[in-house]
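# Got a predicted structure here, sequence first:
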Amino acid sequence: MFRLPPDFRLNNLRELLRNQEESSNGGAAARAARPPPKKRYFPELAIEPEEAGVQLLNSGEFGCPSPPHTLTSSRRYPTSVRTKLMAREIGAVKRPRYDLGRHVLPNCHGRPAVRLASRAYCGQFSEDGSFFYTCSQDFQVRLFDTTDPTSWQHYKTIHGSSGRWTITDATLSPDNSKIAYSSITSTVHLASTTPDDAGTHDALDFGSRMSGYGGFGIWSLRFSGDGHEICAGATGGAIYVYDIEARKTVLGVTGHRDDVNAVCWADESTNVLFSGSDDSVIRVWDRRSMVDGRASGVLAGHLEGITFISPKKDGRYVLSNGKDQTTKLWDIRKLISEEQWDHTARVDYTDAQYDYREAYYRGSLYEKHPNDVSVMSYAGHAIVSTLIRCGFSAPATTGQQYVYSGSHCGRLFIWNLDGTLAKTLNLDKAQGRRPNVRKIDTDEVSRTGRYRGRENDDGSCIRDAAWHPSLPVIATTSWHSTGGAIYVHEFMEDHSALASQPPVVKSFLRERRR
């Protein structure tokens, strides 16, 4: 039998090992030559009060400024709520109601008030706090008597007309007699809120008399202060205003490069309205000067699309949520005029590969928008998966000195105007679950190009929240893997008392899904 000499086999083995080593070195060299991933920026929660926010608190535009704290032994001792109550009762001070209420924030993580078999997309109190409405993916609008905010009474279900995917938004008329709701169609439906009125719904076709405006979907709508008009934000960057009495669309303009996710009126008049879009800017529209169909100006600063806008209703300030994981406060006196915006080098600062619906945030390629005109930014929450909403605290009880937002992580974030975190309310704790939130790992983002806010999707996502107009109560609208829920968050001096109170839950889990 012919055998290879040992030295021949050894030489072949050495050659094989040498080739493998060279191949390995070549692969390493190729990887080393590959450009490093671009740095990603994530918004950071403010630890110390920011000067711009402190100036707002002291300006008098958000209630009376807080009196200076008494200094004792080099420590600050704020006046207690009990002392303020006593001073008010004996007439020692004459300060507005919100001076006391701003120190009494909802602090319990929540009690379930409503359980739903489908996802709840929005929920708000009426202006007087007498009832609450919520809209869900099964095309039902449910109304609850909240005269006693600790014991909700369901008094009516409005069976919505068929639409696409879900009811996207709803709005109450100023007198609380009508509610309008929308879907991803061009038709808005108007229904009565009175218990004994089961009449047909009025269909308001926003595309009926606007040539070339058919076949769109509506994401947001709001009643005007006089109750005669409804403004709407739609697909394709369009904004509409509908005259209810005339039964026609009186304004239709394409003012954005992408879908308009949110619209609102600046105040009780019908002159000025705001629109927020996936093109990452807010546009300010003054109907008194829209001769050429152009906006009055632009509020730029978000690095991704805008999910919601909420007005202070003073004609000046507006709050927005963005897919760049920030909530921003704006003063329209700082807007960029359309002429200035046209001459600005408008680089698209959004990430074209980022899809917020997949429940992770990749981080921004830019630390800050170069044309950012926002007054304040608030961070810490997760605005992914859906169009999460934000708002101002109630003017009567807090002077609107707080802003808040829902979050995909199942928490409600409440910030002071100065940017610091005032409180978080956690639905996972209310449900007895282990908090299911990951901290941002920048190494993971650089390696995988993505960041997930949750380990899984079993926990709750707070999509909307409503601050009661006259009580320290917040109602959060949320969903989870098996349906939706409304939780009530109250101010409680003794948290142990919460466990002894049986939850008053209105369950709709057995209703047929649509």
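Looks like it came in fine.

# how near is residue 344 to residue 373?
11 Å (Cβ to Cβ, to the nearest Å). Where C-beta positions appear, they are placed from N, C-alpha and C, glycine not excepted.

# Identify the contacts common to those two.
residue 336 (Cβ atoms under 8 Å, 6 or more residues apart in numbering).

# Please identify which of these two sits among more neighbours.
residue 373 (19 against 13; other Cβ atoms under 10 Å).

# Could you verify my assumption that the more buried one touches residue 301?
Yes: with contact defined as Cβ atoms under 8 Å, residue 373 reaches residue 301; the gap is 6.0 Å.

# quick one: common contacting residues for these two?
Shared contacts of residue 373 and residue 301 (Cβ under 8 Å, 6+ apart): residue 330.

# what about residue 357, which SS state?
helix (DSSP: H, G, I helix; E, B strand; the rest coil).

# What sits closest to residue 48 if chain neighbours are left out?
With sequence-adjacent residues excluded and distances taken as Cβ to Cβ, 6 or more residues apart in numbering, residue 48 is closest to residue 420, at 7.2 Å.

# So what's the residue count around the one you found?
15.

# For it, give its distance to residue 380.
10 Å.

# how much space between the residue nearest to residue 48 and residue 235?
Noted for residue 420: a distance of 38 Å to residue 235, by Cβ to Cβ.

# And for residue 57?
Distance from residue 57 to residue 235, by Cβ to Cβ: 39 Å.

# Equivalent analysis for residue 60, please.
The value you get for residue 60 to residue 235, if Cβ to Cβ is used, is 41 Å.

# Pick out whichever of the two has more residues nearby.
The neighbour comparison of residue 60 against residue 235 (other Cβ under 10 Å) goes to residue 235, with 17 against 10.

# Quick check on the more buried one: phi, psi?
phi -70, psi 160 (degrees, to the nearest 10).

# check contacts around it.
Applying Cβ under 8 Å, 6+ apart, the residues near residue 235 are 184, 216, 217, 219, 259, 260.

# Show me the residues you listed that map onto strands.
Secondary structure from DSSP state E places 219, 260 of the contacts of residue 235 in strands.

# List just the nearest of the contacts of residue 235 to residue 307.
residue 219 (9.7 Å; Cβ to Cβ).

# what residues are up against that closest one?
Counting by Cβ under 8 Å, 6+ apart, residue 219 has contacts 168, 169, 182, 184, 233, 234, 235, 259, 260, 261, 262, 387.

# how about those, which pair is most distant?
Greatest spacing in these, by Cβ to Cβ: 184 and 262 (15.0 Å).

# dump the residue contacts of residue 307.
Residue 307 neighbours (Cβ under 8 Å, 6+ apart): 261, 262, 276, 321, 322, 323, 383, 387, 388, 389.

# Pretty sure the second one sits in a helix.
This means residue 262. No: counting by three-state DSSP, residue 262 is located in no helix; its state is strand.

# State the phi and psi torsions of residue 288.
Per-residue torsions, residue 288: phi -80, psi -20 (degrees, to the nearest 10).

# got a pLDDT number for the residue nearest to residue 58 when sequence neighbours are not counted?
Leaving out its chain neighbours, the residue that sits closest to residue 58 by Cβ to Cβ, 6+ apart is residue 65, at 4.7 Å. Model confidence at residue 65, given as pLDDT, is 77.

# now residue 65: how far from residue 55?
Applying Cβ to Cβ to residue 65 and residue 55 gives a distance of 10 Å.

# again with residue 410
On the measure of Cβ to Cβ, residue 410 and residue 55 end up 33 Å apart.

# ditto for residue 384
32 Å.

# cool, and residue 160?
Counting by Cβ to Cβ, the separation of residue 160 from residue 55 is 45 Å.

# does residue 424 sit in a helix, a strand or a coil?
Per three-state DSSP, residue 424 ends up strand.

# Mind pulling up the pLDDT for the closest residue in space to it that isn't next to it in sequence?
Leaving aside its chain neighbours, residue 424 sits nearest to residue 411 (4.9 Å; criterion: Cβ to Cβ, 6+ apart). pLDDT recorded at residue 411 is 96.

# For residue 411, grab phi and psi.
Residue torsions, per degrees, to the nearest 10, at residue 411 are phi -120, psi 150.

# could you pull out the strands for the stretch 251-400 of the chain?
Secondary structure of the stretch 251-400 of the chain (DSSP state E, counting those that start in this stretch): strands located at 260-265, 272-277, 282-286, 297-299, 306-311, 317-322, 326-331, 336-337, 376-378, 390-392.

# for the record, mean pLDDT for the third one?
Same thing as strand 282-286. Over the span of strand 282-286, the pLDDT mean works out to 98.

# Quick one: list the elements packing against it.
With contacts taken as 3 or more Cβ pairs under 8 Å, 6 or more residues apart in numbering; DSSP states H and E, strand 282-286 sits against strand 272-277, strand 297-299.

# how about the helices in this protein?
Taking DSSP state H, the helices of the chain run over residues 6-33, 51-58, 81-89, 97-101, 338-342, 395-398, 427-430, 442-448, 496-500.

# Which of those has the lowest mean pLDDT?
helix 442-448 (a mean of 43).

# residues contacting the most centrally placed residue in the chain?
Closest residue to the average C-alpha location of the chain: residue 389 at 2.0 Å, with Cα atoms, centre = their mean. By Cβ under 8 Å, 6+ apart, residue 389 lies in contact with 122, 307, 308, 310, 321, 405, 406, 463, 464, 465.

# same thing but at 7 Å, please
308, 321, 406, 463, 464, 465 (Cβ atoms under 7 Å, 6 or more residues apart in numbering).
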